[in-house]
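Colleague: 3D model of this:
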Amino acid sequence: MQHTVKSAIRFTGVGLHSGKPVTMVIHPASAEHGIWFRRSDVTTGDPMIPALWDAVNQSPLCTRLVNVGGVSVSTVEHVMAALIGCGVHNALIDVDGPEVPILDGSSVPFVRAILARGLQGQAAPVRAIEVLETVEVRRADAWARLSPADTLRMDFHIDFADAAIGTQDKSLTLANGAFVRELSDSRTFCRQADVDAMRASGLALGGTLENAVVVDGAAVLSPGGLRHRDEAVRHKMLDAMGDLALAGAPILGHYEGFRAGHALTNDLLRSLFAQPSAFRMVTCDGAQTARLPGVGVTAHEIPAHA
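Modeller: Next up, the predicted model:
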């Protein structure tokens, strides 16, 4: 069966790029509603923005959704990862500004609140997107690929010059509560030089050492250091999880990312859906449902140090 949250959940924080206060509320929604954002501060035009791949206006720094009237909401990837990672299929998300609050730079504040509130089952079957043929996209030396698998699997490779990050690889099967256990608490990361450059351009004004892992060469500048030795690649997988959630249904397939980012994952979904023979929508039976992200997950699976 499909699920929504039992009751409304409120979050307050700042936007990563604007640095301005923002409030977001996840509301329950009816079966078959899907995930939608609503700009509660928009008084003229259509405030509704679908959380779907074809509403993405590609950005190198975050995932930005834009409706046909030009109304947008940015940095949706962390909350989208939390929703699919907790098994939420339907929700209406009010945001009173152009960005989702960054909170601690990971998905774990959203996960913790969703699991504390609990989910409500709905009398509708869960449908998933089954990958039937391998699809691959490339940009320069970066690439992303989806190939057939019986559940969501993910392999990711990153390679950064900074010794604090370096080369990292990770592979996970993201069934059941694996997202919550392995990825949800991993924070966004950046180089101090990039932070300085972004701020000089009027970006990342809300970024702090408390909501991102900031590195400078071999040094980790954020208080407390890393939550995981390989936190950087885990966060890239978290981002990919949120971007794949914009497919509109859980994916049964093997995602591989090599230096991939938000734009490449969106390219991958666009390529997948442009090839009707490469996928099919399936109504999940009991065995398929049991392998989906979020099925059976509990708050006890949230990492203790998050």
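Colleague: break down the stretch 101-250 of the chain into its strands, ranges please.
Modeller: 119-122, 127-131, 135-139, 142-147, 153-159, 167-173, 189-191, 213-216, 219-220 (DSSP state E, counting those that start in this stretch).
Colleague: and Gly34, which of these is closest to it?
Modeller: strand 127-131 (10.9 Å; C-beta to C-beta). C-beta coordinates here come from the backbone N, C-alpha and C atoms, glycine included.
Colleague: packing partners of the closest one?
Modeller: Helices and strands touching strand 127-131, by 3 or more C-beta pairs under 8 Å, 6 or more residues apart in numbering; DSSP states H and E, are strand 251-252, strand 279-283.
Colleague: tell me the helix or strand right after the longest one.
Modeller: This points to strand 279-283. Per DSSP states H and E, strand 279-283 leads on to helix 286-290 as the next helix or strand towards the C-terminus.
Colleague: what do you get for the first one?
Modeller: Following strand 251-252 in sequence order, the next helix or strand is strand 254-258 (DSSP H and E).
Colleague: quick one: His33 and Asn90 touch, right?
Modeller: Yes: here His33 lies in contact with Asn90, judged by C-beta atoms under 8 Å, at a distance of 4.3 Å.
Colleague: mind listing the shared neighbours of the two?
Modeller: Common neighbours of His33 and Asn90, using C-beta atoms under 8 Å, 6 or more residues apart in numbering, are Thr4.
Colleague: endpoint to endpoint, stretch 35-43 covers what distance?
Modeller: Start-to-end span of stretch 35-43 (C-alpha to C-alpha, to the nearest Å) is 21 Å.
Colleague: what's in contact with it?
Modeller: Taking C-beta under 8 Å, 6+ apart as the rule, stretch 35-43 contacts 29, 47-51, 65, 71, 73, 76, 80, 83, 88-98, 245.
Colleague: among those, which are in helices?
Modeller: Using DSSP state H, the subset of those located in helices is 80, 83.
Colleague: between His33 and Asn90, which one's more packed in?
Modeller: Remark: of His33 and Asn90, Asn90 carries more neighbours, 22 against 16, as counted by other C-beta atoms under 10 Å.
Colleague: quick one: closest of the strands of the stretch 101-250 of the chain to Phe279.
Modeller: Taking C-beta to C-beta, strand 127-131 is the member of the strands of the stretch 101-250 of the chain nearest to Phe279, at 5.4 Å.
Colleague: if I take that closest one and strand 254-258, what angle do their directions form?
Modeller: Put simply, strand 127-131 runs at 60 degrees to strand 254-258, going by axes from the mean of the first three to the mean of the last three C-alpha atoms, to 10 degrees.
Colleague: count the neighbours of Phe156 for me.
Modeller: Phe156 has 26 nearby residues by other C-beta under 10 Å.
Colleague: ok, it - contacts?
Modeller: Phe156 neighbours (C-beta under 8 Å, 6+ apart): 169-171, 233, 236-237, 240, 256-258, 260.
Colleague: Gly296 too?
Modeller: 176-177, 290.
Colleague: Leu83 now?
Modeller: Counted by C-beta under 8 Å, 6+ apart, Leu83 has contacts 26, 35, 91, 110, 114, 245.
Colleague: and the third one, what's its pLDDT?
Modeller: As predicted, Ala91 sits at a pLDDT of 98.
Colleague: for it, give its distance to Val66.
Modeller: Note on Ala91: its distance to Val66, by C-beta to C-beta, to the nearest Å, is 19 Å.
Colleague: more neighbours: these two, which one.
Modeller: A side-by-side neighbour count of Ala91 and Val66, using other C-beta under 10 Å, places Ala91 first with 23 against 14.
Colleague: what is the more buried one paired to in the beta sheet?
Modeller: Pro28, Ile35 (DSSP bridges).
Colleague: what sits against it?
Modeller: 4-5, 26-29, 33, 35-36, 83.
Colleague: could you flag which of the contacts of stretch 35-43 are buried?
Modeller: Those of these that meet the buried threshold are 29, 47, 49-51, 65, 71, 73, 76, 80, 83, 88-95, 97-98, 245, by 16 or more other C-beta atoms under 10 Å.
Colleague: returning to that earlier point: of the contacts of Gly296 - the most surrounded one?
Modeller: Gly177 (23 neighbours).
Colleague: that residue contacts Gly294, doesn't it?
Modeller: Yes: in this structure, Gly177 is within contact of Gly294 by C-beta under 8 Å, at 7.2 Å.
Colleague: so which of the strands of the stretch 101-250 of the chain comes closest to Ala274?
Modeller: Ala274 sits nearest to strand 135-139 of all these, at 8.9 Å, using C-beta to C-beta.
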